[in-house]
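J.: just to be clear, the model below is a prediction. Sequence and coordinates:
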Amino acid sequence: MLSIDLNKAFEQAPGVKEKAVFASKLAALVDAGVPIVRSLDLMASQQKLPMFKRALTKVSLDVNKGIALGNAIRQWPKVFDELSIAMVEAGEAGGVLDEALKRLAKLLEDNAKLQNQIKGALGYPVAVLVIAILVFLGMTIFLIPTFAGIFEDLGAELPAFTQLLVDLSELLRSPMALYIVGVLLLVIWLFARYYATHNGRRVIDRLILKLPLFGELILMTATAQFCRIFSSLTRAGVPILMSMEISSQTAGNSIISDAILASREMVQEGVLLSTALIRQKVLPDMALNMLAIGEETGEMDKMLSKVADFYEDEVGAMVKALTSMLEPAMIVVVGGIVGSILLAMYLPMFTVFDQIQ
């Protein structure tokens, strides 16, 4: 019994991609006239993720008992988020479940594409940085001691930089290194604890938005997601206040999320959405101006969809530009580290050769 509970605790929840595939296939089945219970059973039989399979099986049983699909999936918050639930409920209420599922699938696919672009832009420099650190540690711990022994046998006088690396190598191979690792782990743990608090998350997320290039990239991504999700929800018939609340959960940054929630309270009091968001001074001016025009013309959802298209294209272009700039820069960094260590190791040899001559 304990092993089963542990297995459930570590089960993988479906990601955006898996949810998008599910919504797309379910929409196709419903559109083809397959009963919803039969459709859910088919989807459950094809599902490989245990948590997702178990959820779909239970949802199918609940729907067969007469429970609405939206209420049935609401019982599985780890599998179905508020966005999926709202879209399904709106589709059921309007009698257009297949259309709602198609929109949900498209929305999730767009979000997955956007997230992959951001992961690619942020993941590459992080991966190269980790490799650079590992190369530095490897050369410092294993290569430098070999050279240090040669220098000692030759009685060579070490340059300051070489001596610094030799001392660092001795430090990393001593018991003191364990204390250093412990301190670093403690700092990481304290940082994670601080970021888990609301105030800590706001402080760090605000700093992230101020980062050169990356801050702008994150803001544009959040803007695209907000506009896409909000327009999809309102177009599906979800009330504006609920649409704002759900959209705030997908912002990915507490500063932007809190700004949307604060705007929601103002909208609830009768303030126009564009006016409320302008007062928060977080989202880009272009997006807010387009939103205001959409409110004036009565086509806010269409206008926001166009804004989402624009910012998604901008994110894609910026990711390509960042990648093209970072690739050579990272190569220079890694090459500089390796070259500096090798130079520091060979400098004493040149001194010895000069003395021999």
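T.: Structure's in. What do you need?

J.: shouldn't Met266 be in contact with Ile278?
T.: No - look at Met266 against Ile278 with C-beta atoms under 8 Å: they stay out of range, at 10.4 Å. C-beta: built from backbone N, CA, C; applies to glycine.

J.: burial count for Pro317?
T.: Careful, residue 317 is Ala and not Pro. By the criterion of other C-beta atoms under 10 Å, Ala317 has 11 neighbours.

J.: equivalent analysis for Phe214, please.
T.: 17.

J.: residues in contact with it?
T.: Contacts for Phe214 (C-beta atoms under 8 Å, 6 or more residues apart in numbering) come out as Ala121, Leu122, Ile208.

J.: who wins on neighbours among those residues?
T.: Using other C-beta under 10 Å as the neighbour criterion, Ala121 leads those with 22 neighbours.

J.: per-residue pLDDT, that residue?
T.: If you check Ala121, the pLDDT there is 73.

J.: out of the helices and strands in the chain, which is least certain?
T.: With mean pLDDT, DSSP states H and E as the measure, the helix or strand of the chain carrying the lowest mean pLDDT is helix 2-9 (a mean of 50).

J.: alpha carbons only: can I get the next helix or strand after that one in PDB?
T.: With elements assigned by DSSP states H and E, the helix or strand that comes after helix 2-9 is helix 16-31. Presented in PDB, the C-alpha positions along helix 16-31 are these (Å, rounded to 0.1, in the frame of the first residue of the first chain):
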ATOM      1  CA  VAL A  16       1.200  21.300 -22.100                       C
ATOM      2  CA  LYS A  17       2.000  19.200 -25.100                       C
ATOM      3  CA  GLU A  18       0.200  16.100 -23.800                       C
ATOM      4  CA  LYS A  19      -2.900  18.300 -22.900                       C
ATOM      5  CA  ALA A  20      -2.900  19.800 -26.400                       C
ATOM      6  CA  VAL A  21      -2.800  16.400 -28.000                       C
ATOM      7  CA  PHE A  22      -5.600  15.200 -25.800                       C
ATOM      8  CA  ALA A  23      -7.800  18.200 -26.500                       C
ATOM      9  CA  SER A  24      -7.200  17.900 -30.200                       C
ATOM     10  CA  LYS A  25      -8.000  14.200 -30.400                       C
ATOM     11  CA  LEU A  26     -11.100  14.600 -28.100                       C
ATOM     12  CA  ALA A  27     -12.300  17.400 -30.300                       C
ATOM     13  CA  ALA A  28     -12.000  15.200 -33.400                       C
ATOM     14  CA  LEU A  29     -13.900  12.400 -31.800                       C
ATOM     15  CA  VAL A  30     -16.700  14.600 -30.500                       C
ATOM     16  CA  ASP A  31     -16.900  16.400 -33.900                       C
END
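
J.: now do the buried residues in the helix or strand following helix 16-31.
T.: Using DSSP H and E, the next helix or strand after helix 16-31 towards the C-terminus is helix 36-46. Using 16 or more other C-beta atoms under 10 Å as the test for burial, helix 36-46 gives Ile36, Val37, Ser39, Leu40, Asp41, Leu42, Met43, Ala44.

J.: what is the burial count for the residue nearest to the fourth one when sequence neighbours are not counted?
T.: Spatial nearest neighbour of Leu40, excluding adjacent residues (C-beta to C-beta, 6 or more residues apart in numbering): Ser60 at 3.8 Å. Look at Ser60: counted by other C-beta under 10 Å, it has 21 neighbours.

J.: quick check on Asn253: phi, psi?
T.: The phi and psi values for Asn253, taken as degrees, to the nearest 10, are phi -150, psi 130.
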